[in-house]
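Undergrad: the amino acid sequence is not available; the structure is as follows:
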């Protein structure tokens, strides 16, 4: 008799639990929210593509002349995602590899009117618009949204070092007479510098233009920004 009452009591508890819990479980399944709960303190929130890319801040404004002798500014790229680098045409060291990487990026997004590339020379005394035009032709550049820019040397050095915090300097002791960063800056449609996080959750700031992984990463993140 006692056992029967125990069974009835247990059955009653199970019934009450089912009435309370089952509708909540069904609702969470419908909302694709099974792992999240009101009292779970360590639930990891869902991340979107936008969450993966950090906003570093507004990209510096610039106004320079391109290979067609036309004025190009940061506003030229309003509404576009673009990649920016500093280089010079006679660079014998890292520039050929940077060129190769940038050409891969151009090929990946060729024909997309919402994507562009900005290559700013740090040797403007040599790299005139005509020289830049020949350089673009030599590289086989096809995109009309890839601008090679030149202008005042002091202005460009300030833009690189103080604006983007990408090193550029003149050094007669090194091959080519100039030194510069091999990093690429990624700018979104609203003119903000964007980047992904490293494995420790820290922003990488810029992408390595000398590394296959860096190129792959920036291509993936360009795709994310184009969809924003």
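TA: Looks like it arrived, so ask away. From a predicted model like this one, the values you see are computed outputs, not experimental measurements. Numbering: from 1, shown residues only.

Undergrad: domain ranges for this structure?
TA: Following the TED database, one finds the domains of the chain at 1-34, 54-227.

Undergrad: quick check: mean pLDDT of the shortest one?
TA: It stands for domain 1-34. Mean pLDDT, domain 1-34: 49.

Undergrad: then stretch 132-146?
TA: On average, stretch 132-146 scores 97.

Undergrad: quick one: end-to-end distance for it.
TA: With CA to CA, to the nearest Å as the measure, the first residue of stretch 132-146 is 11 Å from its last.

Undergrad: how far does that stretch sit from its chain's centre?
TA: Relative to the mean C-alpha coordinate of its chain, stretch 132-146 is positioned 23 Å out (CA atoms, centre = their mean, to the nearest Å).

Undergrad: quick one: contacts of that stretch?
TA: The contact list for stretch 132-146, computed with CB atoms under 8 Å, 6 or more residues apart in numbering, reads 66-68, 80, 82, 89, 99, 103, 106, 110, 113, 115-119, 121, 127, 148-150. Where you see a C-beta, it was placed from the backbone N, CA and C, and this is true even at glycine.

Undergrad: ChimeraX command to pick out the buried ones of those residues?
TA: Command for ChimeraX that selects the buried part of the contacts of stretch 132-146, burial taken from 16 or more other CB atoms under 10 Å:
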select :66,67,80,82,89,99,103,106,115,116,117,118,119,121,127,148,149,150
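
Undergrad: just give me the lowest mean pLDDT stretch among the domains of the chain.
TA: domain 1-34 (a mean of 49).

Undergrad: where do the strands sit along the protein?
TA: 54-58, 63-65, 71-73, 81-87, 115-121, 146-149, 168-170, 178-180, 183-187, 192-195, 207-208 (DSSP state E).

Undergrad: turn these into JSON lines, including distance to residue 158.
TA: Shown next, in JSON lines, are the strands of the chain (distance: least, CB to CB, whole Å):
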{"stretch": "strand 54-58", "distance to residue 158": "16"}
{"stretch": "strand 63-65", "distance to residue 158": "12"}
{"stretch": "strand 71-73", "distance to residue 158": "16"}
{"stretch": "strand 81-87", "distance to residue 158": "12"}
{"stretch": "strand 115-121", "distance to residue 158": "12"}
{"stretch": "strand 146-149", "distance to residue 158": "14"}
{"stretch": "strand 168-170", "distance to residue 158": "10"}
{"stretch": "strand 178-180", "distance to residue 158": "14"}
{"stretch": "strand 183-187", "distance to residue 158": "16"}
{"stretch": "strand 192-195", "distance to residue 158": "17"}
{"stretch": "strand 207-208", "distance to residue 158": "22"}
